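1. Structure for the following, please:
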Amino acid sequence: MNCQALIEKFVNDRHETIVNQLGQLLITKELKLVDFIISIGDYLQSIELSKRSLALTLVANVVEYLPNTFLEPNEIHHLVVFTSAKMSDHHVLIQSCVQLFRILAKQSAINDDDCITMIKSIFSDVYVQSFPQGSRYNVFVILLHFLLHRLDVVQQLGSDFVCNFIQSMDGERDPRNLVLCFQCLQYMTKYLDIEPYKEELFEIVACYFPMEYKPKVTNTGTEETVTQEQLVLALRNILTSTGKFAQYCIPMLIEKLESDIPSARLAAMDVFIHCIDEYDARDMSSYLVQLWNLFSKQALCAENQEIEICALQSITALMQSIGKSIQNDETEISTKKLVDRAIRECGNFLKEFDLKLAWPAVKVLQAVGRANSTCSSLIWSNLIPSLIKQFNTLEQANHRRTILDMITYFLQPTAIRTIIKLPSNVSDELWILLSTHFESFPSHCLPLISNLLQLNSIPGQVLEDNLTKFILHANLNDELKIKLSTVLKILASSPTFDRICTNLLSNLINSWTGTKTTPSNETLECCIDLCHNSERCRERLERFFFPSQQFIRLLPNIFKYLSHLYILTNLFSPLFDLLLTSIVNDEYTKIFCSKCGSIADESCKTFVQNFYETNLFDDSIWQSDKQTNLLVMIYFIGNLKRKFFQHELELIFNKINEKIFNQSSNEMTDIYFYFYGNLINKLASKNEILEHARSIIKQCETSPDEKHIHLWTIIVKALILYRPSFIEQYIPTLILWMNEKTNIANLACQSLKSLTNFNEQILLLSSDADCIIHPMVKQIMFMNILSQMKPLLINNELLPSQMNVLVDLLSNVPKSIIQDDIISLLPILIRALAPSNESAWPSALNSISDLIKSEPNSIVDHIDTLFPRLITLATYQKDMSIRITSLKCLKYLTNLPTHKIEPYRRNIIHLLKVCVGDHKRLVRKEAVETQMSWCLLNA
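-> Now for the predicted structure:
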């Protein structure tokens with residue numbers, strides 16, 4: 001079909017595919033643009049207005065189909081001139097012309113003269129606000145495009161562009177168009193000369209303030225894409241974009257601040273907070289006192305926290321604005337005068353603790369102080385000495401605590417860039433106050449000490465003595481631990497306090513080395529905090545801890561403060577052997593050795609090789625009196641990375657194979673087996689290792705006693721973690737053992753429990769030890785175990801031990817996995833609540849609770865059995881969690897149809913009267929919620 005036929009078809013049928021066909025012809029050069037225009041010429045000059053409009057639309061759509069680099073400058077020029085002429089032809093054609101202009105504006109080859117022609121044509125021939133939203137949108141897209149990408153062209157038009165844009169935007173209400181208008185205005189205020197029209201430009205924007213807009217729901221049921229936040233932000237950016245608006249904007253903000261509408265006051269404060277970067281205090285000098293009065297009133301009498309926060313930020317912004325200007329005490333542009341006013345107006349409230357305005361006044365004065373260093377110094381010098389004097393005259397402890405909290409609040413760290421120095425007389429008075437009253441008010445003194453230290457205020461010897469005594473003798477609760485930790489980390493992080501930190505650390509070390517006692521965990525935690533800064537951490541470690549048992553307890557916690565190179569250089573050296581002489585078999589040793597193994601890399605290969613050859617391969621190390629040292633080897637080697645030590649791990653596996661099986665059963669056997677499983681898991685990709693593991697499994701199956709079943713379990717678990725599909729080979733054997741009438745059944749149940757417990761021996765058989773853990777192992781294991789046990793479920797042949805294992809399994813598997821099977825397992829879960837299955841109660845109750853919450857109707861057939869057990873367990877005294885979960889189940893059961901649960905209501909209400917008096921707060925809380933649900937059952 002030729003070009004003419006395509007054009008006729010579009011005019012007659014308006015078929016959209018015609019646009020694509022014509023565009024493709026132009027791109028492939030089968031049709032020239034000039035030939036296309038000539039072919040459509042009859043329609044462009046038609047006496048029928050509708051045909052002229054359709055023809056222009058077709059031209060616009062075809063040009064839009066073309067790439068932005070397709071048209072030549074002369075082609076663009078002719079199209080611009082032609083379109084500009086068509087604009088004056090008839091107002092109906094203007095919408096199509098604007099659409100064509102929008103497309104041509106994006107052509108990369110367009111020249112400056114054509115851009116100016118388009119802009120002038122729009123401003124002279126288009127009365128923007130008389131057109132539909134889509135056409136207005138196109139106009140603003142064109143203007144924004146030129147402002148963003150052809151700013152030099154727009155600047156040639158100067159203030160005329162500003163004047164014409166104001167006329168085009170005046171009266172715009174559509175939010176989509178307003179977003180574009182606001183973006184245009186933001187660029188205009190920054191890059192164009194708005195001086196002649198600054199008042200008109202402000203007025204055209206101010207009519208939208210404060211922005212009140214709620215997105216409308218469209219015909220498709222979705223909300224409009226423009227949000228109120230977008231419009232609010234865009235409007236604020238314009239109002240705060242230039243200081244030329246200050247003389248008009250500040251009176252408008254004052255008017256809104258005096259309003260009774262909270263949203264208007266919030267909007268006004270938000271604009272003021274963001275305007276100080278552009279507005280000069282000189283431009284609002286006559287309004288400074290009025291602004292202070294309004295902001296302080298909002299802060300002192302705020303209706304809600306949002307208004308209070310905005311008001312305080314506005315006070316800070318006001319003081320910052322004044323602080324940036326040249327000070328003049330004869331005018332209102334004086335930081336000192338306004339600070340004096342703030343102290344005069346708010347200072348009296350600080351003396352009346354029982355008044356509601358006491359703390360709001362503190363917040364106002366602190367907002368003034370955080371503006372800049374001058375404000376801070378003035379506030380501190382005037383208020384803190386008077387508060388200290390007031391503290392010394394007070395007798396009531398709660399009033400003294402309030403004073404300490406006020407001082408702490410005034411000294412809060414701020415984001416001021418300049419370093420604020422606390423006046424020396426104020427600093428000395430505060431340290432004297434703290435040294436005198438630290439023991440009486442430690443919880444209030446510690447935050448004050450933190451703030452003083454962050455202000456680089458140097459304490460005296462008394463602080464070291466107070467902190468040492470406090471750490472060693474005080475019974476610290478969690479709140480005090482956090483506050484103390486903050487103080488110690490600040491001391492450790494600054495060179496200014498290096499002497500204090502070192503002395504304090506020495507005092508703590510001497511407290512246990514001098515008395516030859518074991519330090520408490522709290523004391524060691526304080527030592528860790530004092531090693532907080534990595535620059536001085538190494539020196540302090542070497543001086544005080546290395547090597548010692550305390551070092552082993554501390555090191556895993558301070559690895560993050562040490563460089564990797566330091567650890568590798570100093571730890572994996574002959575000193576490591578020295579460390580082993582002070583090791584004891586405890587949890588700290590396991591963590592320490594595991595951490596050491598996990599950070600070793602290929603630079604440590606020589607050390608690792610010498611270490612295991614000298615120690616692990618020595619037969620004497622496997623004797624019972626050397627088991628502690630063997631424990632070190634196991635946890636260290638078990639955490640080595642596969643990518644660095646694959647070859648070494650193979651050698652170790654082959655060497656210790658026989659030694660593992662020759663060990664007599666004792667408390668260490670479990671660790672040996674897990675270490676063996678660790679190696680098998682890491683080396684399972686090797687066929688010979690895999691075959692060897694399978695042969696060990698077969699040997700265990702031929703003589704199933706306690707030791708062999710335990711070893712079988714660990715090796716199978718190691719293989720399943722590596723490849724979960726292996727479970728299909730081994731679960732049938734386990735099911736057979738579980739059905740035995742001997743002790744083997746109980747051992748098999750414990751084995752299944754171990755297989756599905758992924759928290760067990762986490763230091764040796766987990767991803768933390770660099771074991772290979774398949775991401776879907778839990779899902780695959782659950783589905784296989786359930787499929788093997790289903791015949792027993794269907795025939796109701798589960799033994800109590802098997803039932804307990806299955807219930808425990810449910811607690812170890814993500815809820816999303818068991819969602820489809822939980823309903824079929826419900827009878828098992830209810831049976832697990834029997835008095836003889838006490839160990840299974842927690843898991844069973846949690847699963848039942850989740851089921852009732854998500855699928856309440858699934859429980860209907862079992863409520864006769866379930867209710868009596870829940871009533872009994874709700875008063876079970878040995879375990880608070882049992883009582884809480886039972887009460888939750890009873891609460892969720894109120895979602896069932898009323899006629900189903902009404903027979904039990906009386907008994908439940910009677911039970912809950914007992915539960916609401918439980919001696920545990922969390923139980924009482926859950927009981928009250930459950931009681932409310934049952935009391936409102938018929939509401």
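2. quick one, helices of the stretch 451-600 of the chain?
-> For the stretch 451-600 of the chain, applying DSSP state H, counting those that start in this stretch gives helices covering 461-473, 478-493, 498-513, 521-530, 534-544, 549-558, 564-571, 574-580, 587-599.
3. okay, now the domains of this protein?
-> 1-66, 72-202, 660-797, 812-936 (the TED database).
4. buried stuff in stretch 650-658?
-> Neighbour counts over stretch 650-658 (16 or more other CB atoms under 10 Å) mark 650, 652-653, 656 as buried. (Glycine included, C-beta is placed from N, CA and C.)
5. Would you reformat the residues you listed as CSV and include pLDDT, distance to Pro897 and secondary structure?
-> Output for the buried residues of stretch 650-658, formatted as CSV (pLDDT from 0 to 100; distance: CB to CB, whole Å; DSSP: H, G, I helix; E, B strand; the rest coil):
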residue, pLDDT, distance to Pro897, secondary structure
Glu650, 88, 65, helix
Ile652, 84, 64, helix
Phe653, 85, 62, helix
Ile656, 75, 64, helix
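6. out of these, who's nearest Gly323?
-> Distances from Gly323 to these, taken as CB to CB, are shortest for Ile652 (68.7 Å).
7. I figured the closest one was touching Tyr612, is that so?
-> Yes: counting by CB atoms under 8 Å, Ile652 touches Tyr612, with 5.9 Å between them.
8. got any residues that touch both of those two?
-> Counting by CB atoms under 8 Å, 6 or more residues apart in numbering, the residues touching both Ile652 and Tyr612 are Ile637.
9. picking up where we left off before, can you check which of the domains of the chain gets nearest to Asn451?
-> Among those, the nearest to Asn451 by CB to CB is domain 812-936 (33.6 Å).
10. Mean confidence (pLDDT) on the closest one, please.
-> Averaging pLDDT along domain 812-936 gives 80.
11. Same check on stretch 468-477?
-> Averaging pLDDT along stretch 468-477 gives 82.
12. one step back: which one of the domains of the chain lies nearest to Leu463?
-> Shortest separation from Leu463 across the domains of the chain is recorded for domain 812-936, at 37.7 Å, computed as CB to CB.
13. if we can go back for a sec, any chance of the domains of the chain in a markdown table with mean neighbour count as columns?
-> Shown next, in a markdown table, are these (neighbours: other CB atoms under 10 Å):
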| stretch | mean neighbour count |
| --- | --- |
| domain 1-66 | 16 |
| domain 72-202 | 18 |
| domain 660-797 | 17 |
| domain 812-936 | 17 |
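14. Please convert these to CSV, extending it with distance to Glu602.
-> Output for the domains of the chain, formatted as CSV (distance: least, CB to CB, whole Å):
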stretch, distance to Glu602
domain 1-66, 58
domain 72-202, 53
domain 660-797, 14
domain 812-936, 37
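15. between those domains, which one is nearest to Ile634?
-> Among the domains of the chain, domain 660-797 comes nearest to Ile634, with 4.5 Å by CB to CB.
16. which element is the closest residue to Pro210 other than its chain neighbours on?
-> What sits nearest to Pro210 in space, not counting adjacent residues and going by CB to CB, 6 or more residues apart in numbering, is Ala267, at 3.6 Å. In the assignment (DSSP states H and E), Ala267 maps to helix 262-275.
17. Only alpha carbons, please: show the helix or strand just after that helix as PDB.
-> The helix or strand immediately downstream of helix 262-275 is helix 288-300, counting by DSSP H and E. Extracted in PDB, the C-alpha atoms of helix 288-300 (Å, rounded to 0.1, in the frame of the first residue of the first chain):
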ATOM      1  CA  LEU A 288      12.200  38.700  63.600                       C
ATOM      2  CA  VAL A 289      10.600  39.400  67.000                       C
ATOM      3  CA  GLN A 290       7.200  38.500  65.700                       C
ATOM      4  CA  LEU A 291       8.500  35.200  64.300                       C
ATOM      5  CA  TRP A 292      10.200  34.400  67.600                       C
ATOM      6  CA  ASN A 293       7.000  35.000  69.500                       C
ATOM      7  CA  LEU A 294       5.000  32.800  67.100                       C
ATOM      8  CA  PHE A 295       7.500  29.900  67.100                       C
ATOM      9  CA  SER A 296       8.100  29.900  70.800                       C
ATOM     10  CA  LYS A 297       4.300  29.900  71.400                       C
ATOM     11  CA  GLN A 298       3.900  26.900  69.100                       C
ATOM     12  CA  ALA A 299       6.700  25.100  70.900                       C
ATOM     13  CA  LEU A 300       5.500  25.900  74.400                       C
END
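18. any idea of the angle the helix or strand that helix 288-300 is followed by forms with helix 262-275?
-> Using DSSP H and E, the helix or strand that follows helix 288-300 in sequence is helix 305-324. Put simply, helix 305-324 runs at 30 degrees to helix 262-275, going by axes from the mean of the first three to the mean of the last three CA atoms, to 10 degrees.
19. Tell me which other helices or strands helix 305-324 touches.
-> Under the contact definition 3 or more CB pairs under 8 Å, 6 or more residues apart in numbering; DSSP states H and E, helix 305-324 sits against helix 262-275, helix 288-300, helix 335-346, helix 358-369, helix 373-393.
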